[in-house]
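S.K.: output the structure for:
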Amino acid sequence: MISEIFALQNPWRTNPNLSFYLKEREVFDIVKTNLDNELIIGLIGSRQVGKSSILYLLIKHLLNHGISPTQIFYFNLDDLKLHELFTSVPGFLQFTGKIDNRKYVFIDEIQRLNSPGLFLKELFDLKLDVKIIYSGSSQLEIKSKIREHLVGRARVIKINRLSFNEYLNFAAPASKKDALAEILIYGSYPAVAKKKSVLEKN
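M.R.: Numbers count the residues shown, from 1 in each chain. From the prediction side, this is the model:
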């Protein structure tokens, strides 16, 4: 069952030419520049601000720069069955297999785990060639569960709603005045900005 879920969540493994159709955020360059160091990357922010989209953009970036799909592991922990993989580091490493080249492990919605900080600390402290990138929706929950374990081990980046310029790029409104009116009424979440009609934005 876990292998089947993993395959569904990692479609680029069977289709390396998969198209993502996602727009880059201003913060993406900051996130991207941290891919080459050894630190864990953490993306935190409220729901629907686009954290998962940034993870997918990072995966797309890696694939476009010669990283094999077999080096990339994405886990969305909204699926409770996957939590079994995160009960022990040895079991997790057994699932991901032998490390011949750097592996990139993406963990989405990490706050779903009972002890996410401890798991990340144990994995990081093994000093394996594994780059860990996680996202979390609840800042308070993430901070209480993770921060104490990851001091000196992680670069945590806050993901906010769209800036005004980003909203213009996402929504392509008729004018800046229209964009401002839409933001005041509907907010500046990426999913809302992409909607074209008033009914869809509500």
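S.K.: residues contacting the residue nearest to the spatial centre of the chain?
M.R.: Against the mean C-alpha coordinate of the chain, by Cα atoms, centre = their mean, the closest residue is Leu55 at 3.3 Å. Contacts for Leu55 (Cβ atoms under 8 Å, 6 or more residues apart in numbering) come out as Leu43, Tyr74, Phe106, Asp108, Ile133, Ser135. The way it works is simple: take the backbone N, C-alpha and C, and place the C-beta from them, glycine included.
S.K.: of the residues you listed, which belong to strands?
M.R.: If you go by DSSP state E, the contacts of Leu55 have Leu43, Tyr74, Phe106, Asp108, Ile133, Ser135 in strands.
S.K.: ok, so of the residues you listed, who is nearest Pro16?
M.R.: If you rank the ones in strands among the contacts of Leu55 by distance to Pro16 using Cβ to Cβ, Tyr74 comes first, at 14.2 Å.
S.K.: now the spatially closest residue to the closest one that is not a sequence neighbour: how far from Lys195?
M.R.: Spatial nearest neighbour of Tyr74, chain neighbours left out: Phe106 (4.3 Å); criterion: Cβ to Cβ, 6 or more residues apart in numbering. In this view, Phe106 and Lys195 are 27 Å apart by Cβ to Cβ, to the nearest Å.
S.K.: more neighbours: which of these two?
M.R.: Neighbours around Phe106 and Lys195, counted as other Cβ atoms under 10 Å, are more numerous at Phe106. The numbers are 24 against 16.
S.K.: cool, thanks, signing off.
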